[in-house]
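J.: Below is the sequence, then the predicted model.
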Amino acid sequence: MALKQFKHRCLLAVIPPVYRLLTSLLFASYRVKIHGFNHFLSCAESGKPLIVVFWHYGLLFNMSRDEGVKFTAMVSASRDGEYIARTLNSMGVGTVRGSRNKKGVTAMKGLLRNLKQGKTAVLVADGSQGPPRIMQPGAILLASRTGTPVLAMGWGANRYRTFNSWDRTALPMPFARINLWYSEPIHVPPGLDSTGIEKYRQLMEERLNELYRNSWEEFGIKEH
């Protein structure tokens, strides 16, 4: 057990800087075509926070983007999530840890505090365990509590690798062409009941899947 813990600590020290080095070289080779960035800019330039959501498959590419605003990301409380949290922290991105249990409630409270401090919140819309491309209600609950607009993003690539995971995590290959889409923000009314939360959850899910289709179809890909 002691050896396993020592190995885990060593990996936590090594993986984040190595990941940053490798992805900085890899991502510099990408040719990214951005659609709808004006939606993000108009919200960011207002000086008010945003809630940004995307599907879990796009995590590796999305976590290395820098849009020039202060982010706080919700990261799984799992051991794998620790690597992601350490990597994001090394990039100056704040994190709160959570999952679909009491830790998830704690994480949502952390995001709520950060939003009230003017920091943009980032959530993986389908969570850390899926099912894939099914919107969970957390972002809508936060938006209804704070009056913060919710903005979706999604991307597709002409050359990529997928991993054997529940969400088919994707990583664009070197020199890939990438379509990156931002949606028009959704403004969620305050104080919604469960019916209202479900209505806006479905609306956000539809918007995310529309971005998914738009970003991949240009490359003749129906589903990554």
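T.: Received the coordinates, thanks.

J.: For the longest strand along the chain, which helices and strands make contact with it?
T.: Among the segments of the chain that qualify as a strand by DSSP state E, the longest is strand 150-157. Counting contacts by 3 or more C-beta pairs under 8 Å, 6 or more residues apart in numbering; DSSP states H and E, strand 150-157 packs against helix 37-44, strand 51-54, helix 59-62, helix 138-146, strand 177-182, helix 194-217. Using the backbone N, CA and C atoms, a C-beta is placed for each residue, glycine as well.

J.: Could you export the ones you listed to TSV, including columns for mean neighbour count, mean pLDDT and distance to residue 170?
T.: Below are these laid out as TSV (neighbours: other C-beta atoms under 10 Å; pLDDT from 0 to 100; distance: least, C-beta to C-beta, whole Å):
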stretch	mean neighbour count	mean pLDDT	distance to residue 170
helix 37-44	16	88	21
strand 51-54	26	95	12
helix 59-62	20	89	7
helix 138-146	22	94	21
strand 177-182	20	96	11
helix 194-217	17	96	10
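
J.: In CSV, list these along with distance to residue 16.
T.: Listed next are these as CSV, based on distance: least, C-beta to C-beta, whole Å:
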stretch, distance to residue 16
helix 37-44, 26
strand 51-54, 21
helix 59-62, 13
helix 138-146, 25
strand 177-182, 23
helix 194-217, 28
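
J.: Can you pull out the low-pLDDT segments for the chain?
T.: 1-3, 6, 8, 68, 98-104 (pLDDT under 70).

J.: Repeat the analysis, applying 80 as the threshold.
T.: Applying pLDDT under 80 to the chain picks out residues 1-20, 22-23, 64-71, 73-85, 87-95, 97-107.

J.: Give me the distance from stretch 192-205 to the chain's centre.
T.: Between the centre of stretch 192-205 and the centre of its chain there are 20 Å (C-alpha atoms, centre = their mean, to the nearest Å).

J.: ditto for stretch 166-183
T.: Mean-position distance between stretch 166-183 and its chain equals 13 Å (C-alpha atoms, centre = their mean).

J.: Could you count how many residues lie near residue 12?
T.: Here the number of neighbours of residue 12 (other C-beta atoms under 10 Å) works out to 15.

J.: Flag every buried residue along the longest helix anywhere in the chain.
T.: Longest helix in the chain, counting residues (DSSP state H): helix 2-27. For helix 2-27, the neighbour count (16 or more other C-beta atoms under 10 Å) marks 16, 19, 23, 26, 27 as buried.

J.: List just the nearest of those residues to residue 94.
T.: Closest approach to residue 94 among those (C-beta to C-beta): residue 16, at 14.9 Å.
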